[in-house]
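[1] Could you work out the structure for the sequence below:
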Amino acid sequence: MFFRMLAKAFTVGFKAKILLIVTIALGASLATAMLNVSLDVGDKMNKELKTYRANLLVVPKMDALPAEIDGIDFNPLADRQFIEEAELPKLKTIFWAYNIVAFTPYLETSSSVKTVNQPVALVGTWFNKTLDIPTGEQVTTGIQQLKTWWQVEGEWVKDEEGNTAMIGANLARQLGLSPGQTLNVNVVVNGGTKMLPLKVKGILSGSGTDDDKISYL
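    Numbering: from 1, shown residues only. So this is what the prediction gives:
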């Protein structure tokens with residue numbers, strides 16, 4: 001009796017049951033596809049936006065008005081407000097933390113280099129730095145993750161190294177520099193001039209103002 005009832009359960013209304021199973025399968029497939037798209041679209045958008053440079057600039061609230069000409073910042077550092085370097089990991093604790101793929105600080109000033117008749121932008125930054133964030137996690141960030149389109153001849157600067165730099169392709173061509181050489185840069189410090197010897201680790205080509213700057217650690 002039991003097996004007869006079981007057989008009728010499969011045979012009576014068989015077409016309707018098949019249609020119901022197909023409908024459920026299609027619905028489940030559609031829901032799974034929509035879920036995959038909604039979860040993946042954010043990551044894909046972040047990767048695409050990275051190729052068009054950083055899309056968010058964080059500046060001090062009371063920063064002075066910029067005075068930038070041809071990519072060189074002439075604003076005196078003594079009159080500027082700055083964000084403390086130790087505060088930067090907090091960027092990964094805000095509500096949109098997972099949308100922040102990479103970040104790096106910029107401390108830019110003008111400098112002079114022998115044989116160059118105009119000021120040269122000198123940019124202090126992170127290249128590939130590992131940070132401990134307040135949540136207890138570790139993140140690796142820096143200009144190497146932020147500017148993935150850079151073409152580099154030589155090596156990237158390592159953050160544990162000191163007095164090392166990457167030179168923009170246009171400036172390197174003008175100075176006749178290649179990876180492994182040393183560049184002496186004059187920087188204004190406390191009203192005087194200090195010579196800063198920098199070992200050139202790499203020549204970068206970014207098809208922008210970076211090609212005329214010195215990026216150092």
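[2] For residue 31, pull up the helix or strand it's in.
    Under the criterion of DSSP states H and E, residue 31 resides in helix 14-50.
[3] do the same with residue 131
    Assessed by DSSP H and E, residue 131 sits inside strand 129-132.
[4] what helices or strands is that strand leaning on?
    For strand 129-132, the helices and strands in contact under the criterion 3 or more CB pairs under 8 Å, 6 or more residues apart in numbering; DSSP states H and E are strand 138-141. Heads up, the C-betas are built off the backbone N, CA and C, glycines and all.
[5] Okay, buried residues for the strand holding residue 131 please.
    129, 131 (16 or more other CB atoms under 10 Å).
[6] partners of that strand, with directions?
    strand 138-141 (antiparallel) (DSSP bridges).
[7] any residues touching the partner strand, and which ones?
    With contacts defined as CB atoms under 8 Å, 6 or more residues apart in numbering, strand 138-141 is touched by 89, 92, 102, 103, 104, 126, 128, 129, 130, 131, 132, 133.
[8] what's downstream of it, the next helix or strand?
    In N-to-C order, the element after strand 138-141 by DSSP H and E is helix 143-146.
[9] what about the strands in this protein?
    68-69, 72-73, 107-113, 120-124, 129-132, 138-141, 151-154, 164-168, 182-189, 192-205, 214-216 (DSSP state E).
[10] State the distance from residue 152 to residue 199.
    15 Å (CB to CB, to the nearest Å).
[11] what's the average pLDDT for stretch 209-217?
    Mean pLDDT, stretch 209-217: 86.
[12] same question, stretch 155-167
    pLDDT averaged over stretch 155-167 gives 88.
[13] Report the spatially nearest residue to the residue positioned nearest the centre of the chain, omitting neighbours in sequence.
    Residue closest to the mean C-alpha point of the chain, counted by CA atoms, centre = their mean, is residue 146 at 1.9 Å. Residue nearest to residue 146 in three dimensions, not counting chain neighbours: residue 102, with 4.6 Å by CB to CB, 6 or more residues apart in numbering.
[14] Is that neighbour in contact with residue 129, as I believe?
    No. At 10.5 Å, residue 102 does not count as touching residue 129 under the criterion of CB atoms under 8 Å.
[15] what sits in contact with each of those two?
    141, 142.
[16] tell me the domain boundaries of this protein?
    What automatic domain parsing lists as the domains of the chain is 2-41, 51-216.
[17] Confidence-wise, which of these is weakest overall?
    domain 2-41 (a mean of 72).
[18] count of residues packed around residue 96?
    9 (other CB atoms under 10 Å).
[19] Could you measure from it over to residue 103?
    From residue 96 to residue 103 the distance is 12 Å (CB to CB).
[20] just residue 183 next, same as before
    In terms of CB to CB, residue 183 sits 27 Å off from residue 103.
[21] can you check residue 174 too?
    31 Å.
[22] How about residue 196?
    25 Å.
[23] list the buried ones in stretch 209-216?
    So, applying 16+ other CB under 10 Å, buried residues of stretch 209-216: 210, 211, 212, 213, 214, 215, 216.
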